[in-house]
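Q: Okay, here's the prediction I keep looking at, along with the sequence it came from:
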Amino acid sequence: MWQRQCVRNLLLLSLSLQRRPLHSWPFGHVTKSLTRPMSSISADDRNIQGTRSFTDTVFAVSSGSGKCGVAVIRVSGPATRQALTQLLGSQAFVEARKACVRRLFHPASQEMLDEALVLWFPAPGSFTGEDVAELHCHGSLAVMVAMMEALGSMPGLRMAEAGDFTRRAFHNGRLDLTAVEGLADLIHSETEAQRRQALRQMQGDLSKLYHKWSEAILKCVADVSAVIDFGDEEAVEEDTLQQATARVRRLGVEIAAHLADQRRGERLRNGVHVTIAGAPNVGKSSLLNILCQRPAAIVSPVAGTTRDVVESALDLGGYPVVLSDTAGLRLSTDPVEQDGVERAKARVESADLVLLVVDASSPACSEQVLLCRDLLPKIQENGAFAMLLVNKIDLAPDHQSLEQALDDAMKDLPLCYLSCKTSDGVDGFLEELTGTVTKICGNPLSGNPSLTQARHRQHLQDCLHALHSFHEHTDLVISSSCLQGALHQMGKITGRVSTEDILDVIFRDFCIGK
């Protein structure tokens, strides 16, 4: 009984982990462990994709948590066929990649556990590249506990840890690191644009781009190495070094253009951070409530009601937005309000888009515009966007005259007139806001795939630095090492390259020794 209770507790823990929010889901931790720098990976983990083998077999519930009509149990590893044979008992084994209805029995007691749809994927044609079985069982907790206990009683099988199946897919060459990260992003996607970007990355668009660059760098390394070792032989063409130098220069331009993307992919993946800022009582909280379509923030005629940052996430035209309402910016002797003002300024500095709000009906409207203007340099310095919103136009019939108070710096901003009370101008503002967010994130389906991870950006920057260093040295040995450094940085993004790859290109292209 105690073994059965332990299995039950493990299953409940596994299911509860699936309910955890995006930032704490264990898959992210596993992805981080897969994508840490190669120098921190053990010798066993440093195997090239396709050469790593696992001796154990793992199993887990792969479908969602809670009661459901059907739950999917996945088994992967060298003992999968033997485990499936024991579950089927005297029944015929299932055909590969064909759904078959079978009764499942406990291997020890031969008690029938469930009637399920069984699929068999022999290696290497499976998600993990190993023998894989999927058991589509009835989704009650009792059935799941019984199945977990039966599988756990078989020798060589263990419950999978978070990300175990994807780790095996990576080591067996079914996915590279960018595809692993794309899969994680697809699982966690909450908006249409996030889904499109993650699916494109999971299908290998980003990997293909980086592989193309890696191949180009590899060819340059091979050319330079051939000039160093065999420069006096006729097999090496005279302009080999010049061609390699030109390719390195073109690569540097392409990678630099890829990096100059204003973090579109990262912003789409993490959500566009939009901060509402301005003087007290200009309608910032009312604007937040309109965008969220619920009373997310307290609205009061008393200035300074909002002290802390009020944050809310929303889907704006398929793009993820993290909206922050902040304390009114003013001088105050109240220490609590002072802290709120400092937090508001910090949010303005870290935002991707700042909505600067002024009150058209206030006698101090011109001063509020000047306050917003003073925030612009910091916003623009951080590469963020800004919009100027003139609120409460229902109380100021001559609000159009406000444009005269705008100086050259403010006139370049998108300008929207609206009333949060009467909803006049709100539709136009939402259209402008959606267009700006779309501009910030870009279209995930057009052009080259975007950078989605900070680690990609860091490795590409290091790669670009190594390519620039190539041009700074006249010693070909040092230049070659710079190229190999660039190739190593590209390898950190998708996997690992070996010196054998360089030798293969040399002998293939130059036929040395023929």
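A: Perfect, thanks for sending it.
Q: For the stretch 101-250 of the chain, which segments count as helices?
A: Taking DSSP state H, counting those that start in this stretch to define them, one finds helices in the stretch 101-250 of the chain at 141-152, 164-171, 177-188, 192-202, 205-230, 240-259.
Q: Below-threshold pLDDT in the stretch 1-150 of the chain: ranges please.
A: Across the stretch 1-150 of the chain, the ranges flagged by pLDDT under 70 are 1-53.
Q: Tell me where the model's unsure across the stretch 201-350 of the chain.
A: Those would be 231-236, 298, 300, 302-305, if you go by pLDDT under 70 across the stretch 201-350 of the chain.
Q: rerun at 80
A: 229-238, 296-307, 332-333 (pLDDT under 80).
Q: coming back round to it: of all the helices of the stretch 101-250 of the chain, which lies closest to residue 483?
A: Closest to residue 483 of the helices of the stretch 101-250 of the chain is helix 205-230 (Cβ to Cβ; 4.6 Å). For glycine as for every other residue, the C-beta is placed from the backbone atoms N, C-alpha and C.
Q: That closest one: which residues count as buried?
A: Using 16 or more other Cβ atoms under 10 Å as the test for burial, helix 205-230 gives 205-207, 209-211, 213-214, 216-227, 230.
Q: can you tell me the average pLDDT over stretch 380-391?
A: Stretch 380-391 shows a mean pLDDT of 92.
Q: Give me the distance from that stretch to the chain's centre.
A: 26 Å (Cα atoms, centre = their mean, to the nearest Å).
Q: Determine how far the last residue of it lies from the first.
A: Terminal residues of stretch 380-391 are spaced 23 Å apart (Cα to Cα, to the nearest Å).
Q: ok, now stretch 198-212?
A: Across stretch 198-212, first to last residue, Cα to Cα, it's 20 Å.
Q: Not counting its own residues, what contacts that stretch?
A: For stretch 198-212, the surrounding residues in contact (Cβ atoms under 8 Å, 6 or more residues apart in numbering) are 176, 178-179, 181-183, 185-186, 189, 258, 269, 444-445, 448-449, 452, 490, 493-494.
Q: Now do the strands in the chain.
A: For the chain, the strands defined by DSSP state E occupy 57-61, 68-76, 100-105, 112-121, 132-139, 157-159, 272-278, 310-316, 319-325, 353-359, 385-391, 415-417.
Q: Show me what the third one packs onto, helices and strands only.
A: It refers to strand 100-105. Applying 3 or more Cβ pairs under 8 Å, 6 or more residues apart in numbering; DSSP states H and E, one finds that strand 100-105 contacts helix 80-88, strand 112-121.
Q: Next, the contact list for residue 249, please.
A: residue 471.
Q: quick thing: my sequence starts at 293, can you match it?
A: OK, 293 is where the count begins now, so the last one is residue 541.
Q: Distance-wise, check it relative to residue 705.
A: 38 Å (Cβ to Cβ, to the nearest Å).
Q: Over to residue 493?
A: Residue 493 is 33 Å from residue 705, by Cβ to Cβ.
Q: Between the two, tell me which one has more neighbours.
A: residue 493 (27 against 19; other Cβ atoms under 10 Å).
Q: Is it possible to get the strands of the chain out as CSV so that each row also shows mean neighbour count and distance to residue 671?
A: Formatted as CSV, the strands of the chain follow (neighbours: other Cβ atoms under 10 Å; distance: least, Cβ to Cβ, whole Å):
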stretch, mean neighbour count, distance to residue 671
strand 349-353, 23, 46
strand 360-368, 19, 47
strand 392-397, 17, 61
strand 404-413, 19, 52
strand 424-431, 21, 50
strand 449-451, 17, 50
strand 564-570, 25, 9
strand 602-608, 16, 19
strand 611-617, 22, 14
strand 645-651, 25, 5
strand 677-683, 24, 5
strand 707-709, 19, 16
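Q: Turn those strands into TSV, including distance to residue 383.
A: Formatted as TSV, the strands of the chain follow (distance: least, Cβ to Cβ, whole Å):
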stretch	distance to residue 383
strand 349-353	20
strand 360-368	17
strand 392-397	6
strand 404-413	10
strand 424-431	13
strand 449-451	20
strand 564-570	54
strand 602-608	47
strand 611-617	48
strand 645-651	60
strand 677-683	63
strand 707-709	68
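Q: Nearest to residue 385 among those strands would be which one?
A: Closest among the strands of the chain, using Cβ to Cβ: strand 404-413, at 7.5 Å.
Q: between the closest one and strand 392-397, how many degrees?
A: Angle between the axes of strand 404-413 and strand 392-397 is 140 degrees (criterion: axes from the mean of the first three to the mean of the last three Cα atoms, to 10 degrees).
Q: Which elements pack onto strand 404-413?
A: So strand 404-413, by 3+ Cβ pairs under 8 Å, 6+ apart, packs with helix 372-380, strand 392-397, strand 424-431, helix 433-444.
Q: partners of the shortest one, with directions?
A: Same thing as strand 392-397. Strands that pair with strand 392-397, judged by DSSP bridges, come out as strand 404-413 (antiparallel).
Q: tilt between the partner strand and strand 424-431?
A: 140 degrees.
Q: Identify all contacting residues around strand 404-413.
A: Contacts of strand 404-413 (Cβ under 8 Å, 6+ apart): 362, 373, 376, 379-380, 385-398, 419, 423-430, 435, 438-439, 442.
Q: From the chain's centre, how far out is it? Work that out for me.
A: For strand 404-413, the distance to the chain centre is 34 Å (Cα atoms, centre = their mean).
Q: And stretch 644-657, by the same measure?
A: Counting by Cα atoms, centre = their mean, stretch 644-657 comes out at 34 Å from the chain centroid.
Q: Show the end-to-end separation of that stretch, please.
A: End-to-end distance (Cα to Cα), stretch 644-657: 25 Å.
Q: Mind checking the pLDDT average for that stretch?
A: 90.
Q: residue ranges for the helices of the stretch 593-742 of the chain, please.
A: 627-642, 657-673, 700-703, 718-733.
Q: Could you tell me how far the nearest residue to residue 395 once chain neighbours are set aside is located from residue 436?
A: Leaving out its chain neighbours, the residue that sits closest to residue 395 by Cβ to Cβ, 6 or more residues apart in numbering is residue 407, at 5.2 Å. For residue 407, the distance to residue 436 equals 15 Å [Cβ to Cβ].
Q: go on, residue 633?
A: 52 Å.
Q: neighbour count winner among those two?
A: residue 436 (25 against 21).
Q: who's in contact with that one?
A: 303, 353, 363, 365, 429.
Q: can I get these in a markdown table with distance to residue 626?
A: Shown next, in a markdown table, are the contacts of residue 436 (distance: Cβ to Cβ, whole Å):
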| residue | distance to residue 626 |
| --- | --- |
| 303 | 52 |
| 353 | 53 |
| 363 | 55 |
| 365 | 58 |
| 429 | 61 |
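Q: Show the end-to-end separation of stretch 442-449, please.
A: Across stretch 442-449, first to last residue, Cα to Cα, it's 10 Å.
Q: Next one, pLDDT for residue 665 please.
A: 88.
Q: tally of neighbours for it?
A: Neighbours of residue 665 using other Cβ under 10 Å come to 17.
Q: OK, contacts around the nearest residue to residue 432 once chain neighbours are set aside?
A: Nearest non-adjacent residue to residue 432, counting by Cβ to Cβ, 6+ apart: residue 359, 6.3 Å away. By Cβ under 8 Å, 6+ apart, residue 359 lies in contact with 431-433.
Q: just residue 555 next, same as before
A: Neighbours of residue 555 in contact, by Cβ under 8 Å, 6+ apart: 675, 743, 749.
Q: Much appreciated, bye for now.
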